[in-house]
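Enquirer: sharing a sequence plus its predicted fold:
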Amino acid sequence: MKITLLGTGDAVGTPKIGCSCKTCLDAIAGGKSRRLRFSVLLESECGKVLIDTSPDLRWQLLKKRISHIDAVIWTHAHYDHYAGFGDFHRIQNGVNVYGLKNTLDYILNYLSFMAPVRHDVIFYEPFSLIGLEITLLEVTHPPLEESAAILITDGSAKVVITGDTSRNIPEKSLQIMSRPDLLIADAIIPPRGNIPKHMNSKEAMELGRTLNAKNVVLTHLSHNFPPHDESIKEWPLGYDGMEFEF
């Protein structure tokens, strides 16, 4: 199993349009502070799956030289997590898409022209893709009524991707998430701030300790962090193109 962070930015990405903060200037200069919007590539010997399809998907696929994927899983119905799906137009038809019912209803209302093959998923019910077991777990991302974390296992390794969530995660989900080999956690801002529908970096690290995670990587990061090379001294920030193999 291989996981690649295609994009580690928040909804606006870094650099942010019109911003000249130190982090955005580092991003413009080509540093690791440069962050495309959130997408994750999941690979096995049996295929490739995208977790969310960011507005930057075209460039993410070109950088990885990917022209075909086996499926898409959507965690929730916010534009920065689905809007890039249209980039498959004239590239690949009939893409298998997985998600919660309300999530798929909303997204496919806009993207039905792509004629995807719909697969409705229910919280806590595992399903198989590319030889891996995947489970959507309930998290809290107001004002949405539903948003999912993703548990991925290959029979030995266990990976949890929190998706967008506050620290208020249902106990049932926490129990299933426990003891992951890798926790990829939403951490939109440093601990000096708080956004009710996301975790900050302190809350994300606290979640990692609660779950007894072997490794924690933070993602969905805003330009409010100091430049990457400074922030990494204090927080385990992910970066675009970061890879993990199990």
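Expert: Cool, the structure landed. Numbers count the residues shown, from 1 in each chain.
Enquirer: and the pLDDT for residue 181?
Expert: Looking at residue 181, its pLDDT is 98.
Enquirer: that one: what's it in contact with?
Expert: Residue 181 makes contacts with 157, 158, 159, 213, 214, 215, 246, as judged by C-beta atoms under 8 Å, 6 or more residues apart in numbering. Heads up, the C-betas are built off the backbone N, CA and C, glycines and all.
Enquirer: out of those, which end up buried?
Expert: 157, 158, 159, 213 (16 or more other C-beta atoms under 10 Å).
Enquirer: looking at those, which is nearest residue 86?
Expert: residue 159 (27.8 Å; C-beta to C-beta).
Enquirer: strands of this protein, start to end?
Expert: 2-7, 39-44, 47-51, 71-73, 96-100, 117-121, 127-129, 132-138, 148-153, 158-161, 182-186, 216-219, 242-245 (DSSP state E).
Enquirer: in CSV, list the contacts of residue 181 along with pLDDT and distance to residue 22.
Expert: CSV is the format used below for these (pLDDT from 0 to 100; distance: C-beta to C-beta, whole Å):
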residue, pLDDT, distance to residue 22
157, 97, 37
158, 98, 37
159, 99, 32
213, 99, 30
214, 98, 32
215, 98, 28
246, 96, 35
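Enquirer: so where do the helices sit in the chain?
Expert: Here the chain has its helices, by DSSP state H, at 22-28, 57-64, 79-82, 101-111, 171-177, 201-211, 228-231.
Enquirer: of these, which is nearest residue 49?
Expert: Across the helices of the chain, closest to residue 49 is helix 57-64 (C-beta to C-beta), at 13.1 Å.
Enquirer: what sits up against that closest one?
Expert: 4, 6-7, 36, 39, 41, 50, 54, 67, 84-85, 87, 241.
Enquirer: compute the inter-axis angle for that helix and strand 39-44.
Expert: Angle of helix 57-64 versus strand 39-44, following axes from the mean of the first three to the mean of the last three C-alpha atoms, to 10 degrees, is 40 degrees.
Enquirer: and helix 57-64, what's buried?
Expert: Residues of helix 57-64 classed as buried by neighbour count (16+ other C-beta under 10 Å): 57, 59, 60, 61.
Enquirer: same thing with stretch 164-173?
Expert: 164, 165, 166, 167, 169, 173.
Enquirer: now those residues as TSV including distance to residue 235?
Expert: Converted to TSV, these look like this (distance: C-beta to C-beta, whole Å):
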residue	distance to residue 235
164	18
165	18
166	18
167	16
169	20
173	23
